[in-house]
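1. build me a model:
(one chain, ligands or ions: 1)
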Amino acid sequence: MSVLVTGGAGYIGSVTVEALLAAGEDVVVLDDLSNGHREAIDCRVPFYEGDTGDGETLGNIAATHGIKQVVHFAGFISVPESVRAPLRYFENNMGKMTKMLSVLQARGVRNVVFSSTAAVYGEPEYVPIDEAHPKKPANPYGLSKYFAEQLLDWVDSAHGITHVALRYFNASGATATRGEAHRPEGHLIPLVLQVPLGKRPHVDIYGVDYPTPDGTCVRDYIHVADLADAHVKALRYLREGGPSQKINLGNGKGFSVREIVAAAEKITGLKIPVREEARRDGDPSVLIASSEKARAILGWTPRYPGLEDIIRSAWEWHRTNPGGYI
Ligand SMILES: NC(=O)c1ccc[n+]([C@@H]2O[C@H](COP(=O)([O-])OP(=O)(O)OC[C@H]3O[C@@H](n4cnc5c(N)ncnc54)[C@H](O)[C@@H]3O)[C@@H](O)[C@H]2O)c1
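-> A predicted model of the protein is given here:
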């Protein structure tokens, strides 16, 4: 019996496959490589190059590998792109997930661990944000994930398939062998590190007049290895019969854009010039998670909560893999 990991060639998926193997799980990966990397998939793992909307491939995987649990990472992840191309996002993040669930339900799958996001909350009404915070997604990406969470609720009540929807804040950092290589890269820490790598002359800071101590946005960065560990624990929780849950995954601490740049300068030993730009629409000033529920229900605690640990691990990976997975 294997765990199906969709999107296992991507950033968080590939690190989670690494953690699942270390925990003794059998794993199968399905990824269409639209954004992932074949080289990121552990060579011990059966890999199917295909689409979560392809019922035949999914049916074959479920039958061949006796799939009872799924970790569903596959999806599109860019907020600005979702604003420009909402239909593409709803089709992939909702439509193909619906197809996938209908095939897997018919094949007897019991549990889903789902990659949700802090974007389901929208503009925070208070911080730290707990799971009871109002859900008002401010973009198609966040709405597609919020719809998917509700789909999972209905699938639970109709078919008894239980889930843990993990609402990640900002995934960051790397393991010794796997790191962040989105195409194009839209996340702050890899963009900052592209400056000392000589790939860009400066990093843009969008907004320096936010009501934060240094005027730049504050975000909660969580190490990707800690995210992966939470998925291993969520699978066990569901296997032991735990009911469906929505759970935040964050560090509980916020770091500003300027703090990220300063920490990256310290770790790389190089000056990182910044260019101050206007605010972007829809960027809240502060996003910090309460992860009390993850601690209470999953027994999860972040092992790498320090900003320097996160940036050092990312820098090690980017320095040794300057072209990403090539
Ligand atoms: N990176 C973050 O900070 C963050 C924060 C919150 C939530 N998330 C969610 O976590 C998940 C993984 O994020 P990531 O940063 O690893 O992204 P990623 O782009 O690196 O990984 C997603 C993977 O899914 C694959 N994929 C996309 N659509 C597919 C489809 N229809 N069929 C098969 N494969 C498909 C891509 O090829 C890619 O390998 C996403 O669902 C994302 O929304 C990420």
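2. wait, a helix at Asn60?
-> Yes - assessed by DSSP: H, G, I helix; E, B strand; the rest coil, Asn60 belongs to a helix.
3. burial count for it?
-> Close neighbours of Asn60, defined as other CB atoms under 10 Å, add up to 13. Backbone N, C-alpha and C define where each C-beta goes, glycine included.
4. mind checking how far it is from the ligand?
-> Look at Asn60 and the ligand: by CB to the nearest ligand atom, to the nearest Å, they are 15 Å apart.
5. Asp51 now?
-> Look at Asp51 and the ligand: by CB to the nearest ligand atom, they are 4 Å apart.
6. up against the ligand, what does the chain have?
-> Contact residues (CB under 6 Å from any ligand atom) of the chain with the ligand: 6-7, 9-13, 30-36, 51-53, 73-75, 77, 92, 96, 115, 117, 168, 170-171, 182.
7. buried ones among those?
-> Neighbour counting by 16 or more other CB atoms under 10 Å classes 6-7, 9-13, 30-32, 35-36, 51-53, 73-75, 77, 92, 96, 115, 117, 168, 170-171 among the residues of the chain next to the ligand as buried.
8. I'd assumed Arg275 was in a strand, is it?
-> Yes - checked against three-state DSSP, Arg275 lies within a strand.
9. my guess is it meets Val208, correct?
-> No - the pair Arg275 / Val208 is not scored as a contact, 10.6 Å apart, by CB atoms under 8 Å.
10. and the helices in the stretch 1-150 of the chain, which stretches?
-> 11-22, 55-65, 79-84, 86-90, 97-106, 140-159 (DSSP state H, counting those that start in this stretch).
11. include mean pLDDT when you put these into TSV, please.
-> Output for the helices of the stretch 1-150 of the chain, formatted as TSV (pLDDT from 0 to 100):
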stretch	mean pLDDT
helix 11-22	98
helix 55-65	97
helix 79-84	93
helix 86-90	98
helix 97-106	98
helix 140-159	98
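12. most packed of those helices?
-> helix 11-22 (a mean of 24; mean count of other CB atoms under 10 Å).
13. which other residues reach that helix?
-> The contact list for helix 11-22, computed with CB atoms under 8 Å, 6 or more residues apart in numbering, reads 3, 5-8, 27, 29, 31, 36-37, 40-42, 44-45, 71, 73-74, 115, 168, 171, 174-175, 177-182, 224-225, 227-229, 231-232, 235.
14. so Lys136 makes contact with Glu123?
-> Yes - the criterion here is CB under 8 Å, and Lys136 meets it with Glu123 at 7.1 Å.
15. number of residues surrounding Arg183?
-> 10.
16. what's the answer for Gly323, then?
-> Neighbours of Gly323 (other CB under 10 Å): 9.
17. residues in contact with Val195?
-> Residues counted as contacts of Val195 (CB under 8 Å, 6+ apart) are Pro201, His202, Val203, Leu270, Ile272, Pro273.
18. tabulate the residues you listed (JSON lines), appending pLDDT.
-> Shown next, in JSON lines, are the contacts of Val195 (pLDDT from 0 to 100):
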{"residue": "Pro201", "pLDDT": "97"}
{"residue": "His202", "pLDDT": "97"}
{"residue": "Val203", "pLDDT": "97"}
{"residue": "Leu270", "pLDDT": "97"}
{"residue": "Ile272", "pLDDT": "98"}
{"residue": "Pro273", "pLDDT": "97"}
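19. returning to what we had before: which among the helices of the stretch 1-150 of the chain is found nearest to Pro190?
-> helix 11-22 (9.6 Å; CB to CB).
20. in CSV: the helices of the stretch 1-150 of the chain, plus distance to Thr301.
-> Output for the helices of the stretch 1-150 of the chain, formatted as CSV (distance: least, CB to CB, whole Å):
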stretch, distance to Thr301
helix 11-22, 15
helix 55-65, 32
helix 79-84, 29
helix 86-90, 33
helix 97-106, 30
helix 140-159, 24
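21. mind checking which of those is nearest Ile311?
-> Comparing these against Ile311 with CB to CB, the closest turns out to be helix 11-22 (15.8 Å).
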